[in-house]
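Colleague: Generate coordinates for the sequence data below:
(one chain, ligands or ions: 1)
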Amino acid sequence: MLSFLLIALILQLQAQSLSRSMGNMKSMKRTSNGISLQTDYGNLKVTVYTASIMKIDVTKNAAFNDFSYAVTAVPDAAVKFSLSDEKSQIKVITDSMILTITKNPVRIALYNKSGKLVNGDDEAFGTSWIGDEITAYKKLFPGEKFIGLGEKTGGLNRRGSGYVHWNADVPGYILSADPLYSTIPFYIGMHDSLFYGIFLDNSSKTHFNFGASQERNAYFTCEAGDLNYFLIYHNSVPKIIESYTWLTGRMPLPPKWSLGFQQCRWSYYPQSEVLTLAQTFRDKQIPCDVIWFDIHYMDQYKVFTWDANRFPDPKGMLSRMDQLGFKNVVIIDPGIKVEDGYAAYEDGLKNNHFVKYPDGTVYHGQVWPGWCAFTDYTSPAARIWWGKLFQQNIEQGIDGFWCDMNEFATWGQKVPDNIQFEGDGQPITHKMAHNIYALEMTRATFEGTKSLLNGRRPFVLTRAGFAGLQRYSAIWTGDNVGSDDHMLLAVRMVSSLGVSGIAFAGADVSGFTSEATPELFARWMSVAAFSPFYRSHKMFGLRDSEPWSYGEDIESTVRKYVDLRYRLMPYLYSAFYDASVSGMPVQRTLAIDYPLDEKIYYNEFENEFQCGPAVLVVPCKSTARAVNVYLPKGNWYDFYTGEKYAGPVEFFSNAPLDKLPVFVKEGSFIPAQSLVQSAARQPTDTLVLHVYQSTVAGHFNYYEDAGDGYANESGGYYKRTFSIDPVTRQIVLGIPEGNYGSHFKSVLLVLHGFEAIKEEVQLNGKRVAVSRLNASLAAEFNQSEKQLPTVLLNNTNERLTVSW
Ligand code: MIG
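Modeller: A predicted model of the protein is given here:
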């Protein structure tokens, strides 16, 4: 008897260490928005969120754990779906997808309404455990491609690669480093002209394998917690991004100044130096909106303090900065110095806001200030407490906050897994809390500063984060390196973040941990002028990297691209608005609009991206003077010369250091303004509206508001649709919506590629004269389209139709 029990025990232990799948269905029941099943070894739940989104939960526990820091949407109570319980399988059917669950064994598959298999479990493995670790094994289709997964190194197409999610501080990371700072467990798969999205909502250390070291599966593994994931099905990539950002939230429209150029280094001090820097921008007339304060502004690196010697009068300095038209952002680290008499520490300790060991003692880790305690941002009370700590900085005139080191990083980089977090009422250890720590820090920072800013919009930049961070913060790609390959990697990372719901992202221009050549500085400043977050930053001890730091030739090129960025502000702000309502990123890999075009995934073309809907940028090395360009289907215009290309086409383009290859899509509109030195300064009252002749209809959603504040949420905006129709030969400026009056009293329509237009066009049926002007967007690049036809319009609220 005893030996029998022993054998049974051994067998059971063996079963636990070997891979074991869910087994067969034992019972099933309906839930309010789906079904739940008991299987031999676990429980499975399917929840219909919308016709295109279903959630799958798998657990070994008796109860499902639905708690999520990433997801803010709830299942649409009105969603229509039907269930069919057949002999061997159950079907969950919505208007756009069919999920089948076979019973013996339990396996999941997603079909579209024409019965095509979009995504399905590996028949043998399905969902399996090895011990407590749980994996969903999905079939890998021939030619299947994968994009997304946020801030990851590697190629645009992630096929053949594997990745780990465990937010990490990796100074000077190498080109293939993984993991990096943030975790966005969302990707889009595509095969046979079918597209789907998978979001794994698990904050433990997770692993993704897209056919790395094997050719059988795309699989994802959670080291702890349940397997909770969303399946999204649509017939296009933008709609999948829209659904994913419906689930996890979208970027609220940031203050307009945060779209401007920003100057940073580790660190600008003392205060006289900061003021000189700001004054130099104004004297040289190089636009800039923000100066950043890195850790030297603090007293012994204690957050929410100032070093009294370096900054004797923060308020006075910040008011002078304000007069110069600058906004100011300070760095904030999560570590609070353990020091008697330091208010933030004493108050946090007294009120129980710090992370603790299981025995109740406060965890201490070392960072810049020495031994530190760490705020438990998963505690609602601690989040509110943290949010109030910003009061003094805001009163002094600080406008935005930069959350660094929030992976969270400590000297030694091995935070013990047994430390505990409140988990909003469901206590968790570091194993589950690590990857969402930064997300909750940005939440506390965003919400706290929002309530202190007297109606102005917060601006938060973070280094680490988790899916959903777009609700609170912009992100940058951490401590990158000053090399051409890193510049191109940064482009891919920002594009990948864009696919993964994060529209507001950027990289340290010119590379953080090493010196850049003057040429690289110029090229990187040019490329990043088209990226959502535009900031130059350099490490302590390295040379200055201001626009004028690399000599006059470089300065003149840099100035042109910074100027261009500011002239494009109406276009960029409209793109940011788009992101805030649809999740469509500002920087768009070509895989969003041209996912089925094989060439865009080629190594030589995978870095190309669209900045907003119209502008295609070809990032190329600072050492290259010519580059192979690929333009996908449709007609394109050279941004500088107006020369026309019929895509798909591949060709060699000159790429002199002072002219980054840029192209404009046919049927596009690019609203631009006169040059200003900061977003707060008013441009002239003429909107320069560039329109590009087309063989297909095109349109643009133009958006304007006060650029700050929240009046836009109650109608204080100006929205107008611009459209062009080559068949009716009409350009239409629709009737504006909203009750904010446009800043622009007139619109100068600049017509690109309209050879047929001679002396006049019709405006609302009446003849108006066409003037030929040197109105190219690239006028100062001295190779511009000469004498373009233009029409000056009164920016009235009526529908304006220009026919040719
Ligand atoms: O241990 O604050 O990524 O941008 O300049 C380094 C100093 C801490 C890391 C950030 C970097 C910042 C630096 N910080």
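Colleague: how about the helix or strand hosting residue 491: buried residues?
Modeller: Per DSSP states H and E: residue 491 is located in helix 484-499. Using 16 or more other CB atoms under 10 Å as the test for burial, helix 484-499 gives 484, 486-499. C-betas here are computed from N, CA, C, even on glycine.
Colleague: Residue 540 - nearest residue in space that isn't next to it in sequence?
Modeller: Spatial nearest neighbour of residue 540, chain neighbours left out: residue 266 (4.3 Å); criterion: CB to CB, 6 or more residues apart in numbering.
Colleague: did I read that right, that neighbour in a strand?
Modeller: No - assigned with DSSP: H, G, I helix; E, B strand; the rest coil, residue 266 falls outside any strand and is coil.
Colleague: List the residues that contact it.
Modeller: Residue 266 makes contact with 294, 295, 296, 537, 538, 539, 540, according to CB atoms under 8 Å, 6 or more residues apart in numbering.
Colleague: again with residue 232
Modeller: Counting by CB under 8 Å, 6+ apart, the residues that residue 232 touches are 52, 53, 196, 197, 198, 199, 240, 243, 244.
Colleague: so which of these is the most crowded?
Modeller: residue 240 (29 neighbours; other CB atoms under 10 Å).
Colleague: thinking again about what came up before, now, which of the contacts of residue 232 lie within helices?
Modeller: Mapping these onto helices (DSSP state H) picks out 240, 243, 244.
Colleague: And residue 580, how far from residue 465?
Modeller: Distance, residue 580 to residue 465, by CB to CB, to the nearest Å: 18 Å.
Colleague: Of these two, which one has the most company?
Modeller: Per other CB under 10 Å, whichever of residue 580 and residue 465 has more neighbours is residue 465, with 32 against 20.
Colleague: Kindly state the beta-bridge partners for the more buried one.
Modeller: Legend: beta-bridge partners of residue 465 under DSSP bridges are residue 182.
Colleague: List the residues that contact it.
Modeller: Here residue 465 is in contact with 167, 181, 182, 183, 184, 438, 439, 442, 473, 475 (CB under 8 Å, 6+ apart).
Colleague: Then residue 286?
Modeller: Here residue 286 is in contact with 261, 547, 548, 555, 558, 559, 562 (CB under 8 Å, 6+ apart).
Colleague: So the nearest residue to the fourth one once chain neighbours are set aside, which state does it fall into?
Modeller: Right, the one you point to is residue 555. Nearest residue to residue 555, sequence neighbours excluded (CB to CB, 6+ apart): residue 548, at 4.7 Å. Here residue 548 takes the coil state, with states given by three-state DSSP.
Colleague: Look up how far residue 571 lies from residue 548.
Modeller: With the distance defined as CB to CB, residue 548 ends up 27 Å from residue 571.
Colleague: Looking at the two, which is more packed in?
Modeller: Under the criterion of other CB under 10 Å, the comparison of residue 548 against residue 571 puts residue 571 first, with 25 against 16.
Colleague: Please read off the pLDDT at the most centrally placed residue in the chain from the model.
Modeller: Centroid check for the chain by CA atoms, centre = their mean gives residue 502 as the closest residue, at 2.0 Å. Per-residue pLDDT puts residue 502 at 98.
Colleague: does it really touch residue 585, like I thought?
Modeller: Yes - counting by CB atoms under 8 Å, residue 585 is a contact partner of residue 502 at 7.5 Å.
Colleague: OK, contacts around residue 281?
Modeller: Residue 281 sits next to 263, 287, 288, 326, 677 when contact means CB under 8 Å, 6+ apart.
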